[in-house]
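> fold the following, please.
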Amino acid sequence: MRKIALFFGCLIPNRYPGIEMATNLCLATLDIDFAELESASCCPAPGVFRSFDEMTWLTIAARNLALAEKMDRDILTVCNGCFGSLNEASSRLDNSNRKNKELRLQVNKHLEKIGLEYNGTVKVRHIIEFLSQEFGSDKISELVTHPLKVNVAVHYGCHMVKPTEKIKGDSAENPVFFDLLVEATGANSISYPDKNQCCGAGGGVRAGLHDRSIQMVEHKLKMIRSKEIDCIVDACPFCHMQFDSGQYEINNTQNQNYKIPVLHYTQLLALSLGYGPEDVGIDQNVIKNNELE
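Model (predicted):
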């Protein structure tokens, strides 16, 4: 297993530092050699940034990849959007064809101005894909000291299973690898209608089409509430914000009473490893996780 450069992106440090706390605790407990990616910037999100200036998007993403190369570590993301952006940039610059080689030359001309060069030697990993492939649910289960007896609605999100070739030995349309990791904590992953539907946060939808975004997340919340589910577990801070703040907004504008706790997977895993709710920042959510405290 290669050493890891941990990439938190923008939302986690600024909106949900508890996810950062939980991730650090989990990686340390699992004895993974990790260090935070030094001087990292926004990934940046391709759904918005690339639409305005593709070369700038690619150069900024390549800068993050080059920083990981300097540390001689692969990048580990805990956000679907960061994973999608950095992974796509890596694929675009892999020198597999003439067009990619030309792109890398252009990008490196920009990076040269700040003393960096991207050589294509790092892999981009997502925390769920990483734990699934490097440990597996059985190994995670063996490490659990405080099994969680809760019913969970697992939300994969859009970018975790794209591109499909990243999902080794699983189905991109009906994946189970995230569910298995959740159940390794002692929780039960409960099936619910439209489980693989987008939450409505990404691609600029929440910012540009807010009403539509709220309609999308409310539909998912209705489907989840139709089952006996104790909490939602995601692996992306943007999805996390959509479910967490979205419930608050729906409750205050539509006279609803949603109270479904939302956890990032590393928070759920940390709880099963014996850490307390305050250790992993669950109390920082808008919707409080009373059932898990």
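
> what residues of the strand or helix carrying Asp138 count as buried?
Taking DSSP states H and E as the definition, Asp138 sits inside helix 137-143. For helix 137-143, burial by neighbour count (16 or more other CB atoms under 10 Å) applies to Ser137, Ile140, Ser141, Leu143. Glycine gets a C-beta too; all of them are placed from N, C-alpha and C.

> quick check: the spatially most central residue of the chain vs Ser96, distance?
The chain has Cys79 as the residue nearest its centroid, 2.4 Å off, counting by CA atoms, centre = their mean. Applying CB to CB, to the nearest Å, the value for Cys79 to Ser96 is 26 Å.

> quick one: the helices in this protein?
Ranges of helices in the chain, per DSSP state H, are 11-15, 17-29, 51-52, 54-71, 80-92, 98-112, 127-134, 137-143, 177-183, 205-208, 210-225, 237-253, 265-272.

> buried deepest among those helices, which one?
Most buried of those, by mean neighbour count (mean count of other CB atoms under 10 Å): helix 265-272, with a mean of 27.

> so, low pLDDT: which residues of this structure?
Applying pLDDT under 70 to the chain picks out residues 162-172, 203, 288-293.

> and it, what are its domains?
Following automatic domain parsing, one gets these domains for the chain: 4-126, 145-276.

> let me have the ones you listed in CSV, extended by distance to Val286.
Compiled in CSV, the domains of the chain are given as follows (distance: least, CB to CB, whole Å):
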stretch, distance to Val286
domain 4-126, 10
domain 145-276, 5
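
> any idea which of these gets closest to Gln133?
domain 145-276 (6.8 Å; CB to CB).

> gap between that closest one and the chain center?
Centroid displacement of domain 145-276 relative to its chain, using CA atoms, centre = their mean, to the nearest Å, is 11 Å.

> gap between the two ends of that domain?
End-to-end distance for domain 145-276: 12 Å, by CA to CA, to the nearest Å.

> the residue nearest to the centre of the chain and Phe238 touch, don't they?
Yes: look at Cys79 against Phe238 with CB atoms under 8 Å: they come within range, at 6.8 Å.

> which residues do those two both contact?
Common contact partners of Cys79 and Phe238 (CB atoms under 8 Å, 6 or more residues apart in numbering): Leu11.

> mind listing what Glu134 touches?
Glu134 sits next to Met1 when contact means CB under 8 Å, 6+ apart.

> ok, now how distant is Val205 from His126?
Distance from Val205 to His126, by CB to CB: 21 Å.

> and Gln247, by the same measure?
25 Å.

> same question for Asp31.
Separation of Asp31 from His126 (CB to CB): 20 Å.

> how far is stretch 19-27 from where the chain is centred?
With CA atoms, centre = their mean, you get 13 Å for stretch 19-27.
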